[in-house]
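Student: Predicted model, plus sequence, below.
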Amino acid sequence: MKRAGFTSRWLPIFLLVPQLSIILLFFYWPAAYAMKSSFFLQDPFGFGQTFVGLENYTSLFTSSEYLKVANFTVFFTVVVTFFSLSLALLLAVKADKVLRGAKTYRTLLMWVYAVAPPVAGFMGLILFNQRWGPLMEFFGLFGWEFEMGADYSDTAFAMIVISIWKQVPVNFIFFLSGLQAIPKAVREAALIDNRSASGRFWDVTFPLLAPTGFFLLIINITYALFDTFGVIDTVVRGEPSNNPMTLVYKVYVDGFRGNDLGGSSAQSVILMVLVLALTVFQFRMVERRIHYT
Amino acid sequence: MAKVTLDNVRKVYPNGVEAVTPASFDIKDGEFTVLVGPSGCGKSTLLRMIAGLEEITDGALTIGDRVVNDLDPADRDIAMVFQNYALYPHMTVRKNIAYGLKNRKTPKEVIEKKVAEAAKMLNLEEYLDRKPSQLSGGQRQRVAMGRAIVRDPSLFLFDEPLSNLDAKLRNQMRIEIKALQRRLGVTSIYVTHDQVEAMTMADRIIVLNGGKIEQIGTPSEIYHNPASTFVASFMGAPPMNLVAAELTDETLFFAGLQLPMKTDYRGPVTLGLRPEDLHIDPYGPLAMEVELIEELGAHRLLHGQIEDQRLTVHLSKETEVTTGPLRLSCHPTSLCLFHPQTGERMDCNPKVQSLSARKPQEQHS
């Protein structure tokens, strides 16, 4: 095969410059800066800094508060990922069965996707409002005095519900197109081979959805870990006090509210390592994934 | 194994389209029935209704001695082979074949034994642990067959199983499927649009057109006594020649042909002549202008005109021909007559048995 080549050595470099400079400016430079400052202790009023080595890291891992936030992050990620995936799958399976009206149904579910995270958070705030939130009144019927922003687990509950609600549409769209990509004849063959609908789902439909599912799993973990910042910020309103938060939010709170730039940098370096691990895991799995034809 | 009975089975789609007009027929135990027709004739819909993949609007479907209208596909005791094989891509060949048995609570040893038998029968033994994507088209089709065989169903359904294969493989698989069906003796319904498959495989052919059954009969009945101009032109390659002729005073007139008939009908008719029933006869009544000769090795096809009507003549390879004028004759018993408007078959009772038995008649050319 003949390869198209550049006549000049500088042209390809010139063409890459915009992309590279953006990556350098907005990713590598801040990342390097964060890494550097994670070894220093900054003066809260901006008068110089002292080199402290790994102290920022060690104090993080010995801090019970940080570990609590880390635990909550794991819990939050698992719950949000699990429910946004399973709810979306359930909706997609049901939508797939409907032939007429499927388009309307799909569009209605997609709308939520167009809502920006802070707006979604704000809508959640209204729903969960202490005085006149409709969900509040609903919970009141069961004698549950819901206190978002004051009660740790109630706030966590609201955060999780809003985050799931925000993510279900994306997953739904992917699952639905995944389902529709399964050949009709394969499903019909299963219909003849297996009389149980749930059996058919777990034996045939689910394995054929696995590539989509795996892709969404990674996307959702990333979402729950990082992209829920907007939702959390709206719910917590920058007032950590007794409220639950995730690691990403803690980076912000410690760095910009607590003015502990060094500790916050150390936290972001830890998160960077986490993302790196997740990426490596994803590529490994994608490579090993069976290719269906 | 079972007989299948359709009693006025009908399919109307929600949009009001009647895909299958009330169809009634019986399929005998162990019989190989082929549903044939052009695309959109309702043959696949009919098959899918029998399979239970499509709801039956009206009528009763009996497999064995059960009316199965309201049974799920899995409960009808049928197995189906699909056009694009419909194998489970994530399962190995072994699992594909075993899946239907596993769901029917068959003991493990029995499954293993049956899968091994089927694999042996279909030459799939060395591929049992492969995935369908690692197999060729013909092998995939064999796996689909295996999946059907192991179930020992009372009815096999085939939905154009060979149309995704190349010509050579198709001929081979055609023979394999037929031989397998003979050996197992399972009642089978086979859908195809290919009249060669229909002719060569069927014990009985059902010709469909526009959702309606045109004719039911053995391949030879269908070929030699087509019930309509549609069947006549659909079955056979090349198809039957259909030309406009006239019946007057108990005589059939077509070009130079005058044939005494026992009939009360007067007026225009459609005359059907199989290409191979026409033969060269220097004193024959038909004068044809040959325009094109198709050399097919084992035989030749002549294309030309008799008084502005197109005809095809099938000749054996021994006969030397050139383009230009040619005289033809035919056996009166091999003629078919059809109603010119409805296309339905009409009685054809020639009063003479031969046209060329008599010595040269006076002809004007």
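Tutor: Arrived safely.

Student: Mind checking what secondary structure residue 86 has?
Tutor: Looking at chain A here, since you left the chain open. Under DSSP: H, G, I helix; E, B strand; the rest coil, residue A:86 falls in the helix class.

Student: Let me rephrase: I mean chain B.
Tutor: Applying three-state DSSP: residue B:86 is coil.

Student: now the one 4 residues further on
Tutor: The local conformation at residue B:90, judged by three-state DSSP, is coil.

Student: And for it, nearest residue in space, chain neighbours not counted?
Tutor: In this structure, residue B:90 finds its nearest non-sequential neighbour in residue A:207, 4.4 Å apart by CB to CB, 6 or more residues apart in numbering or on different chains. C-beta coordinates here come from the backbone N, C-alpha and C atoms, glycine included.

Student: what's the neighbour count on that neighbour?
Tutor: Residue A:207 has 17 neighbours, counted by other CB atoms under 10 Å in any protein chain shown.

Student: Same question for residue B:238.
Tutor: Neighbour tally, residue B:238, other CB under 10 Å: 16.

Student: Same check on the one 10 residues further on?
Tutor: Look at residue B:248: counted by other CB under 10 Å, it has 12 neighbours.

Student: quick one: residue A:202 from residue A:179, how far?
Tutor: Note on residue A:202: its distance to residue A:179, by CB to CB, to the nearest Å, is 14 Å.

Student: where does the stretch 151-300 of chain B come near chain A, residue by residue?
Tutor: By CB under 8 Å from any CB of the partner chain, no residue of the stretch 151-300 of chain B approaches chain A.

Student: ok, which stretches of the stretch 151-300 of chain B are helices?
Tutor: With DSSP state H, counting those that start in this stretch as the criterion, the stretch 151-300 of chain B has helices at B:167-184, B:195-201, B:219-224, B:229-234.

Student: okay, those, which one's buried deepest?
Tutor: helix B:229-234 (a mean of 23; mean count of other CB atoms under 10 Å in any protein chain shown).

Student: Out of the helices and strands in chain A, which is least certain?
Tutor: helix A:102-111 (a mean of 72; mean pLDDT, DSSP states H and E).

Student: Just the CA trace of that helix, in PDB.
Tutor: This file holds the C-alpha atoms of helix A:102-111, laid out as PDB (Å, rounded to 0.1, in the frame of the first residue of the first chain):
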ATOM      1  CA  ALA A 102     -41.100   4.600  20.200                       C
ATOM      2  CA  LYS A 103     -39.800   7.800  18.800                       C
ATOM      3  CA  THR A 104     -41.800  10.100  21.100                       C
ATOM      4  CA  TYR A 105     -40.800   7.900  24.000                       C
ATOM      5  CA  ARG A 106     -37.200   8.100  23.100                       C
ATOM      6  CA  THR A 107     -37.300  11.900  22.600                       C
ATOM      7  CA  LEU A 108     -39.000  12.400  26.000                       C
ATOM      8  CA  LEU A 109     -36.300  10.400  27.700                       C
ATOM      9  CA  MET A 110     -33.500  12.200  25.900                       C
ATOM     10  CA  TRP A 111     -34.600  15.600  27.000                       C
END
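
Student: tell me which parts of the stretch 151-293 of chain A are close to chain B?
Tutor: Counting by CB under 8 Å from any CB, the stretch 151-293 of chain A sits next to chain B at A:183, A:185-186, A:188-196, A:199, A:203-204, A:207-208, A:210, A:290-293.

Student: Among the residues you listed, which are located in helices?
Tutor: A:185, A:186, A:188, A:189, A:190, A:191, A:192, A:193, A:199, A:207, A:208, A:210 (DSSP state H).

Student: So which of those wins on neighbours?
Tutor: Going by other CB under 10 Å, residue A:189 tops these with 29 neighbours.

Student: what residues are up against the residue nearest to that residue when sequence neighbours are not counted?
Tutor: Closest residue to residue A:189 apart from its sequence neighbours, by CB to CB, 6+ apart: residue B:86 at 4.0 Å. Neighbouring residues of residue B:86 by CB atoms under 8 Å, 6 or more residues apart in numbering or on different chains: A:183, A:185, A:186, A:188, A:189, B:144.

Student: still on that earlier bit, I'd assumed residue B:99 was in contact with the residue nearest to residue B:90.
Tutor: No - the pair residue A:207 / residue B:99 is not scored as a contact, 11.9 Å apart, by CB atoms under 8 Å.

Student: Which of the residues in the helix or strand hosting residue A:221 are classified as buried?
Tutor: Taking DSSP states H and E as the criterion, residue A:221 maps to helix A:206-222. Using 16 or more other CB atoms under 10 Å in any protein chain shown as the test for burial, helix A:206-222 gives A:207-209, A:211-213, A:215-222.

Student: And for stretch B:277-297?
Tutor: With the criterion 16+ other CB under 10 Å, stretch B:277-297 contains buried residues B:277, B:278, B:279, B:280, B:281, B:284, B:285, B:286, B:287, B:288, B:290, B:293.

Student: how about low-confidence regions in the chain?
Tutor: I went with chain A, as the question did not name one. Residues of chain A that meet the criterion pLDDT under 70 lie in A:1-4, A:44-46, A:99-102, A:109, A:149, A:238-240, A:286-293.

Student: Not quite, go with chain B.
Tutor: For chain B, the ranges with pLDDT under 70 are B:1, B:356-365.

Student: Domains of it: list them as residue ranges, please.
Tutor: B:4-226, B:238-346 (automatic domain parsing).

Student: just to revisit the earlier point, which one's more surrounded, residue A:202 and residue A:179?
Tutor: residue A:179 (19 against 11).

Student: In this structure that one contacts residue A:93, no?
Tutor: Yes - counting by CB under 8 Å, residue A:179 does reach residue A:93; the two are 6.8 Å apart.

Student: so does the least confident helix or strand of chain A get close to chain B?
Tutor: No - using CB under 8 Å from any CB, helix A:102-111 never reaches chain B; the gap is at least 15.0 Å.
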